[in-house]
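**Q** Structure for the following, please:
(4 chains)
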There are 2 protein chains.
Amino acid sequence: MLEAARDAIRSRGYAATSVAELCRIAGVTTGAFFHNFENKEALGVAAAAYWAETTSAFFADAPYHRHADPYDRFLGYIDFRRDIIQGDLAEFTCLVGTMTQEVFAAYPSIRDACAASIFGHAATLEPDIAAAMQARGISADWTAASLATHTQAVLQGAFILAKASGSGEVARDSVDHLRRYVEFLFAAGLVAGSPQ
Amino acid sequence: MLEAARDAIRSRGYAATSVAELCRIAGVTTGAFFHNFENKEALGVAAAAYWAETTSAFFADAPYHRHADPYDRFLGYIDFRRDIIQGDLAEFTCLVGTMTQEVFAAYPSIRDACAASIFGHAATLEPDIAAAMQARGISADWTAASLATHTQAVLQGAFILAKASGSGEVARDSVDHLRRYVEFLFAAGLVAGSPQ
DNA sequence: ACATACATACCGAGTAGTATGTATGTATCG
DNA sequence: CGATACATACATACTACTCGGTATGTATGT
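**A** Predicted coordinates for the structure are as follows:
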């Protein structure tokens, strides 16, 4: 059911996905649906929570954690995010980013669940960024938290451009820029602190 | 009518905005609506085209064009984008970015109109970026076009995070990171070409 | 000066279809 | 036997869209 919601909402959006269609895809009846979810809004919240869970597990198992150096882990994360931008648009884009755009004003409960997923994921990057900053003696006018959040902004924006262009290529290009930025940040830390 | 569509779709989304509601806001009848637009999809296309027109004029009149140096104009653009992230969420976020997420699979005509607006706007930045690169003798593994596109990705992603968090603050933080990146790119051009 | 014919823009009640949600019945469990 | 987990058949509201009618203007002929 939650998987059906994930797939349908990712390709059609929240409002355009009907409960009946969802039931048909998942092979359940409307009775079962409304037995498990109070209403459609509750499904949206549950879908966002399910997304947070499954993506957490997915990234926890990803190979970039093998690196001993936290800086390498962070760069490895970015490379990994770049690598998984491939195949069908609805397969690599972000459910909660999509839903947020639609429901942020009308359904605060869904918006909050989406925000928890996005910022919760960003928070998992903070320790590595902070450790990398400390190892390189970086004290800048940006924080580990703001850089972690920025990576998510770049990714979300990259997904929008991918959907607009119909291809993941522009998204990968943007992630390349993000990687270069991070290299600059930590290379600059070795010499001074900020550009010019 | 197009203004009503712009405001309604920016806060509620395309699918959740009904024709009847649109007519009520704009103070027209359904007869008038379907006289002017073949169907709701045609309105979506027209709204995206109207957005492209009005934003083109808005940015053409913006103060950053006063700078004599193309590099300053580009940085001025980024600062301007940062400055206008204020007030209500539905007022500073991007109509075509929002619509793209919803309709990219179901309504190719709307998606294409949104893509034309986004990438058309990005293209207006290319000449200044290219001129700045040439003035500083930069030959890098990135192009003016890819950097222009990346700026749009950061902005679009920043808007998503703003909607998720309910505040423009995180969006402005991301634009700050973008500015710092651009400064790095052009500072590095003066010495070598890439980080390290 | 003005009648006729016609085109365009618009009105708004109505329609077929679809949306979410509900009321009620039934099977399956501990 | 009571509670939970569903299935089925609606109910009600809303959806995009239509269609016959009308108001307004314009081109043309006399």
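**Q** use CA for all of it now, contacts and neighbours both
**A** Will do.
**Q** list the buried ones in the lowest-mean-pLDDT helix or strand in chain A?
**A** Scoring the helices and strands of chain A by mean pLDDT, DSSP states H and E places helix A:169-191 at the bottom, with a mean of 90. Neighbour-count burial for helix A:169-191 flags A:170-189 (criterion: 16 or more other Cα atoms under 10 Å in any protein chain shown).
**Q** cool, stretch A:39-56 as well?
**A** For stretch A:39-56, by 16+ other Cα under 10 Å, it's A:40-52, A:56.
**Q** can you tell me if it touches DNA strand C.
**A** Yes. Stretch A:39-56 comes into contact with DNA strand C (Cα under 7 Å from any atom of the strand), by way of A:Asn39, A:Lys40, A:Glu41.
**Q** Find the closest residue to DNA strand D in chain A.
**A** Nearest residue of chain A to DNA strand D: A:Gly31, at 3.7 Å (Cα to the nearest atom of the strand).
**Q** before we move on, the earlier item: give the other helices and strands that the least confident helix or strand of chain A contacts.
**A** Counting contacts by 3 or more Cα pairs under 8 Å, 6 or more residues apart in numbering or on different chains; DSSP states H and E, helix A:169-191 is packed against helix A:70-83, helix A:144-165, helix B:144-165, helix B:169-191.
**Q** Next one: the residue of chain A closest to DNA strand D from A:Ala15, what distance?
**A** Separation of A:Gly31 from A:Ala15 (Cα to Cα, to the nearest Å) stands at 20 Å.
**Q** of those two, who's got more company?
**A** The neighbour count for A:Gly31 versus A:Ala15, taken as other Cα atoms under 10 Å in any protein chain shown, is higher for A:Ala15 (19 against 9).
**Q** Check the secondary structure at the more buried one for me.
**A** coil (DSSP: H, G, I helix; E, B strand; the rest coil).
**Q** just for chain A, where's the confidence low?
**A** Within chain A, the stretches falling below the threshold (pLDDT under 70) are A:189-196.
**Q** Go through the biggest helix by length in it and flag the buried ones.
**A** Longest helix in chain A by number of residues (criterion: DSSP state H): helix A:108-135. Neighbour-count burial for helix A:108-135, with 16+ other Cα under 10 Å as criterion, is recorded at A:108, A:110-119, A:121-123, A:125-126, A:128-130, A:132-133.
**Q** Can you pull the residues of chain A lying near DNA strand D?
**A** Residues of chain A lying near DNA strand D (Cα under 7 Å from any atom of the strand): A:Val28, A:Thr29, A:Thr30, A:Gly31, A:Ala32, A:His35, A:Asn36.
**Q** Would you format the residues you listed as JSON lines with secondary structure included?
**A** Compiled in JSON lines, the residues of chain A next to DNA strand D are given as follows (three-state DSSP):
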{"residue": "A:Val28", "secondary structure": "coil"}
{"residue": "A:Thr29", "secondary structure": "coil"}
{"residue": "A:Thr30", "secondary structure": "helix"}
{"residue": "A:Gly31", "secondary structure": "helix"}
{"residue": "A:Ala32", "secondary structure": "helix"}
{"residue": "A:His35", "secondary structure": "helix"}
{"residue": "A:Asn36", "secondary structure": "helix"}
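**Q** Hmm, A:Thr151 is touching A:Arg180, no?
**A** No. Counting by Cα atoms under 8 Å, A:Thr151 sits too far from A:Arg180 to count as a contact (12.0 Å).
**Q** so can I have a markdown table of the residues of stretch A:39-56 next to DNA strand C showing distance to chain B?
**A** A markdown table is the format used below for these (distance: Cα to the nearest Cα, whole Å):
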| residue | distance to chain B |
| --- | --- |
| A:Asn39 | 17 |
| A:Lys40 | 14 |
| A:Glu41 | 14 |
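**Q** Centre of the chain to stretch A:163-176, how far?
**A** Remark: stretch A:163-176 is offset 15 Å from the chain centroid, using Cα atoms, centre = their mean, to the nearest Å.
**Q** Identify the residue spatially nearest to A:Tyr77, adjacent ones excluded.
**A** Among residues not flanking A:Tyr77 along the chain, A:Tyr64 sits closest, at 5.7 Å (Cα to Cα, 6 or more residues apart in numbering or on different chains).
**Q** Over to the one you found. Which of the three states is it?
**A** Strictly by three-state DSSP, A:Tyr64 counts as helix.
**Q** Contact residues of chain A facing DNA strand C?
**A** A:Ala15, A:Thr17, A:Ser18, A:Val19, A:Ala20, A:Glu21, A:Thr30, A:Gly31, A:Phe34, A:Asn39, A:Lys40, A:Glu41.
**Q** So the residue nearest to A:Tyr77 sits against A:Arg73, correct?
**A** Yes. In this structure, A:Tyr64 is within contact of A:Arg73 by Cα under 8 Å, at 5.4 Å.
**Q** Can you lay out the buried residues of stretch A:39-56 as a markdown table showing secondary structure?
**A** Output for the buried residues of stretch A:39-56, formatted as a markdown table (three-state DSSP):
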| residue | secondary structure |
| --- | --- |
| A:Lys40 | helix |
| A:Glu41 | helix |
| A:Ala42 | helix |
| A:Leu43 | helix |
| A:Gly44 | helix |
| A:Val45 | helix |
| A:Ala46 | helix |
| A:Ala47 | helix |
| A:Ala48 | helix |
| A:Ala49 | helix |
| A:Tyr50 | helix |
| A:Trp51 | helix |
| A:Ala52 | helix |
| A:Ser56 | helix |
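**Q** nearest to chain B, of these?
**A** Within the buried residues of stretch A:39-56, the smallest distance to chain B is 12.3 Å, found for A:Ala48 (Cα to the nearest Cα).
**Q** Look up how far DNA strand C lies from that closest one.
**A** From A:Ala48 over to DNA strand C the distance is 16 Å, taken as Cα to the nearest atom of the strand, to the nearest Å.
**Q** Packing partners of the strand or helix carrying A:Ala20?
**A** Assigned by DSSP states H and E, A:Ala20 falls within helix A:19-26. Applying 3+ Cα pairs under 8 Å, 6+ apart, we find helix A:19-26 packed against helix A:2-12, helix A:30-36.
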